Structures are given as C-alpha cells and as structure tokens.
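Engineer: Fold the following.
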Amino acid sequence: VFPGNCWAFKGHQGQVVIRLAARVHLTAVTVQHITKDASPSGTTVSAPKDVAVFVSLLGASVDADREEETLLGTFTYSVKKEPMQTFPLKKMLLPRAFSHVKLLVKSNWGNPWYTCIYRVQVHGMMENQKASTEGQD
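Structural biologist: Numbering: from 1, shown residues only. Here you go, the predicted model:
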C-alpha cells in the first residue's frame, strides 16, 4: 500500500463489482486506506466514509432475467482508526454462496474531486469447503 497506488474514482460516490475467484458464503469485508502520516498531503480526505455492500441474486428468483440485489451491510470507515478495518455482513436468510460483491461508496471524508480505496478484502468460506464441513463438530 503506497500513496497514490489506489483505485481512485471521480467525486465522492462510486461503486465497484468484484468477481470472486470462487463462490463464497460471505461473512465480512475489509477496507483499507493509507494513514495521514503516509499521505503526501498529510490528510485522508480521499478515504471512503459511508459504504454499502451488496450481492446479486440474479438467477435466484422465478424471473431469472431480472437483476435483484440484496444489501448485506452498511458501515462507516473511520479515518481516526486503523487503516485496515473489517466490517461484519448480515447473515442471509437462505444461506447461499456468491461469486460477485458490489461495494458502493456513498461518501468520502471531504475530497470533492476523487475518492481512493487502497484495498478491499472479502471474507467467508468457499462453497465447496462449507459443504465438506457440514455435519462435523
């Protein structure tokens, strides 16, 4: 994680859909930004602030052509805490694994021109691992 080596988008709102390497039963998401000390400007105003995490339920409903999203959680990334912050996600009513996650940044900490995200990590258990551990203590 180096200053300027981030995923930057114009303005204070943006979104990204992340395709996972496998289908995952999601439990949490981690977001990282640089610290004030590492920032050339001495500020972290380009850090994301209010964030929402969604999954697509495409193909899960009767009308498989209609894309439907489910909100798994909202959180506030704090520039006053550690640069790497993990946020738990809601448990699904029907336990399912997903291959895509959407991160929606609703606001940042004050930069009107751009927002930067340095790292996003998705936590959970891969679908085939969960199936092989069911019924075990």
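Engineer: Next one: the most centrally placed residue in the chain from Thr115, what distance?
Structural biologist: Geometric centre of the chain, nearest residue: Leu103, 4.4 Å, by CA atoms, centre = their mean. In this view, Leu103 and Thr115 are 11 Å apart by CB to CB, to the nearest Å. For glycine as for every other residue, the C-beta is placed from the backbone atoms N, C-alpha and C.
Engineer: Check Val45 too.
Structural biologist: Distance from Val45 to Thr115, by CB to CB: 9 Å.
Engineer: wait, the residue nearest to the centre of the chain sits on Val53?
Structural biologist: Yes. Between Leu103 and Val53 there is a contact under CB atoms under 8 Å: 6.0 Å.
Engineer: Find residues that contact each of the two.
Structural biologist: Val29 (CB atoms under 8 Å, 6 or more residues apart in numbering).
Engineer: Could you list the low-confidence segments of this protein?
Structural biologist: Within the chain, the stretches with pLDDT under 70 are 1, 57-67, 92-94, 130-137.
Engineer: can you map out the helices along it?
Structural biologist: 127-133 (DSSP state H).
Engineer: Quick check: Thr115 touching Trp7?
Structural biologist: No. Thr115 is not in contact with Trp7 according to CB under 8 Å; the separation is 9.1 Å.
Engineer: ok, these two, which is more surrounded?
Structural biologist: Thr115 (25 against 13; other CB atoms under 10 Å).
Engineer: List the contacts of the closest residue to that one other than its chain neighbours.
Structural biologist: In this structure, Thr115 finds its nearest non-sequential neighbour in Asn108, 4.2 Å apart by CB to CB, 6 or more residues apart in numbering. Asn108 makes contacts with His12, Val45, Ser46, Ala47, Pro48, Lys49, Thr115, as judged by CB under 8 Å, 6+ apart.
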